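Visitor: Below are the sequence and a predicted model; questions follow.
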Amino acid sequence: MTLDASITLQLGALDLDVELTVAPGELLALLGPNGAGKSTVLRALAGLVALDGGHIVTDGIVVDDPSADVFVEPEDRPIGMVFQDYLLFEHMSVLENVAYGLRARGTPRREARARAAEWLTRVGLGSYSSQRPRALSGGQAQRAALARALAASPRLLLLDEPLAALDVGTRATVRRDLRRHLDTFDGMRVLVTHDPVDAYALADRVAIIEAGRIVQAGTLAEVTAHPRSRYVSDLVGVNLITGTVHDGILTTPDGAIVVVADAEPGPTYAVIRPHSVTLTRTPPTGTSARNSWPGTITDIDRLGDRARIGIHAAIPLTAEITVAALHDLDLRPGDDIHATVKATDIEIAPA
Amino acid sequence: MPAPALLLAAIAVAFFALPLIGLLWRAPWSSAWTYLTSDTATTALRLSLVCSLWATALSVVFGVPLAWLLARSGVPGRGVIRALCTLSMVLPPVVGGVALFFALGRRGLIGQYLDRWFDVTLPFTTTAVVIAQTFVAMPFLVITVEAALRQLDTRHEDASRTLGASRWYTFRRVTLPAIRPALVAGAVLSWARALGEFGATITFAGNFPGTTQTMPLAVYLSLESNPEEAIVLAIVLIVVSFAVLVGLRDRWFGQPGRLRPVAA
């Protein structure tokens, strides 16, 4: 009862060759920049593009295998898909949109509408059932699209950048809602995103995709702590901190304190990029930086001219410095160090 | 807008308006009703309406799949197929009529077998009128619908497929509603073209009152015998065509022929 895919295909300039597996109940995030092939992976899983080579097996059933001449049409796969801009059908009511999958599979009209109404209530859109999709806000449209995809009881849910079309203000709320609704779905899920915060909030496991190849996969903690390439390090090798903001101060569940700028009160993600962390042997004095934590070096990874320094402090941190700085300071694991970060270098996203 | 351009544009408008004004000026208003209700006029009008609606229906039934083929399929030689199927838009209609005659006439390529095996003779029948009108009218529907199909965001169709809808169900419930404005516009244009058809009709179907004499033919014929009647019938055709164009502009051309994405 898993998804097992080995996807080889050429599409224009894209040369895709990835392998991935998803266990039941698991959410895999495919993380990468635009054009890396993330969405094409989803389209291949959905059957909207056919493989050139490899295979896709969902729940033990082969749905695509060119070598065996097997290709199951999208409508016959046990999938649901949420598209980036939701693609609700404008000429139908919200209720008809959600009932569409059931109707298409032959469920009688009355029953399909009743079940669609249940789904709309579940995602909090009960009062919008007779509205046209254009009456919905971005977040509501996303919930309607999710309800539409889930109403037909798929085994595999595919989410293509479900948060990218939203403005920053609504994103956190919608992300939280999405997480709640995704948690109630026990099938397999594949999420495509370019935002590490989405992966952090929603995914069990991540696969980093670059130019059509998966360059690293694992839990987000593993990947962010030990990125194996510059590329991965730039993309996800960040320090992600959760906590609650009050009066411009973020307090972590462990009680550590981070000074942040322009943060609304409430639950918050803070992103500290490793290259924003300054290391000093002695406590910094006369500095404008608002955050300075004493800690101990746990490990040192070298990636070309840069070194990533793992630090055990009130907040576990990774710092990125040049190899020259590493030598100048003569840093070694076990050394005491001070890690300093300007409040304005910390990116904030409401959780 | 510079004055010379404005002047040229004004001349262009006058160029189109003056013939109409000329007709209206010569129209026998006092006896108009008599001409309109005469046998020639009512018979020709009824025949024109029936034939042009048939031609429109046939254009939709065959034209939409043809537009689909041209817009979406990977059939090789689509450019040639498109040129072939829209040739009758630029061809002199008389030539079209002659061509139809050699294909479907009693001695024609297909017509000889229709005659021999099924005892069906097409030329100079009402069916021939419908065929001639469809021949010149369908391209209008095909190019309008093809353009709409090309513009359509096919991802809505993708979304439909992932929801378990077959290609046919997707076409009926997603594609067709999305291209409906274009389909209506194309059908109305086809209808207007069929209504005004003259050359192919008179060549292939002849000019028999009651069976093949449509409005344009009646106008042409009565020009010799009764110019006043011709003017009245001509004005009827102009009014109908004008109303169609005005209606089209406001109701259909103003709308985008595709699904709009949700405001994010």
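Guide: Happy to help now that I have it.

Visitor: Please report how far residue A:293 lies from residue A:233.
Guide: In this structure, residue A:293 lies at 21 Å from residue A:233, with C-beta to C-beta, to the nearest Å as the measure. Any C-beta I mention is one placed from the backbone N, CA and C, and that applies to glycine too.

Visitor: Tell me how many other residues crowd residue A:27.
Guide: Taking other C-beta atoms under 10 Å in any protein chain shown as the criterion, the count of residues near residue A:27 is 22.

Visitor: Not counting residues beside it along the chain, what's closest to it?
Guide: Distance criterion C-beta to C-beta, 6 or more residues apart in numbering or on different chains; nearest residue to residue A:27, sequence neighbours excluded, is residue A:189 at 4.2 Å.

Visitor: quick one: secondary structure of the one you found?
Guide: Counting by DSSP: H, G, I helix; E, B strand; the rest coil, the backbone at residue A:189 sits in strand.

Visitor: was I right about it contacting residue A:22?
Guide: Yes. Judged on C-beta atoms under 8 Å, residue A:189 makes contact with residue A:22 at a distance of 7.3 Å.

Visitor: Mutual contacts of the two, please.
Guide: Counting by C-beta atoms under 8 Å, 6 or more residues apart in numbering or on different chains, the shared contacts of residue A:189 and residue A:22 are A:28, A:156.

Visitor: can you map out the helices along chain A?
Guide: When secondary structure is read from DSSP state H, chain A shows helices at A:38-46, A:94-104, A:109-122, A:138-151, A:168-183, A:196-202, A:220-225, A:230-236, A:323-329.

Visitor: list the buried ones in the biggest helix by length in chain B?
Guide: The single longest helix within chain B, with elements called by DSSP H, is helix B:39-72. Residues of helix B:39-72 classed as buried: B:40-41, B:43-45, B:47-48, B:51-52, B:54-56, B:58-60, B:63-64, B:66-72 (neighbour count, 16 or more other C-beta atoms under 10 Å in any protein chain shown).

Visitor: Not counting its neighbours along the chain, what's nearest the residue nearest the centre of chain B?
Guide: Nearest to the centroid of the C-alpha atoms of chain B, with distances taken as C-alpha atoms, centre = their mean, sits residue B:190, at 2.2 Å. The spatial neighbour of residue B:190 that comes closest, neighbours along the chain excluded (C-beta to C-beta, 6+ apart), is residue B:137 at 4.0 Å.

Visitor: how about the one you found, secondary structure?
Guide: Taken by three-state DSSP, the conformation at residue B:137 corresponds to helix.

Visitor: Verify the contact between it and residue B:57 for me.
Guide: No. Between residue B:137 and residue B:57 no contact is recorded; they are 10.7 Å apart, counting by C-beta under 8 Å.

Visitor: quick one, what contacts residue A:38?
Guide: Taking C-beta under 8 Å, 6+ apart as the criterion, residue A:38 is in contact with A:30-32, A:160, A:192-194, A:209.

Visitor: tell me which of the residues you listed is nearest to chain B?
Guide: For the contacts of residue A:38, the closest approach to chain B (C-beta to the nearest C-beta) belongs to residue A:160, at 10.1 Å.

Visitor: so what's the backbone phi/psi at residue 25?
Guide: In the absence of a named chain, chain A is used. Backbone dihedrals for residue A:25, given as degrees, to the nearest 10, come out at phi 80, psi 0.

Visitor: you looked at the wrong chain, it should be chain B
Guide: According to degrees, to the nearest 10, the main-chain angles of residue B:25 amount to phi -70, psi -40.

Visitor: Return the per-residue confidence for it.
Guide: The confidence metric pLDDT takes the value 88 at residue B:25.

Visitor: Also the one 3 residues further on?
Guide: With respect to pLDDT, residue B:28 has a value of 85.

Visitor: Name the nearest residue to it, ignoring sequence neighbours.
Guide: By the measure of C-beta to C-beta, 6+ apart, the closest residue to residue B:28 outside its immediate chain neighbours is residue B:228, 4.4 Å from it.

Visitor: is it true that the one you found touches residue B:34?
Guide: No. Using C-beta under 8 Å, residue B:228 and residue B:34 do not qualify as a contacting pair, with a distance of 9.7 Å.

Visitor: what comes into contact with stretch A:167-181?
Guide: Outside of stretch A:167-181, the residues within contact range by C-beta under 8 Å, 6+ apart are A:122-124, A:137-139, A:142-143, A:146, A:150, A:162-163, A:166, A:197-198, A:201-202, A:349-351, B:264.
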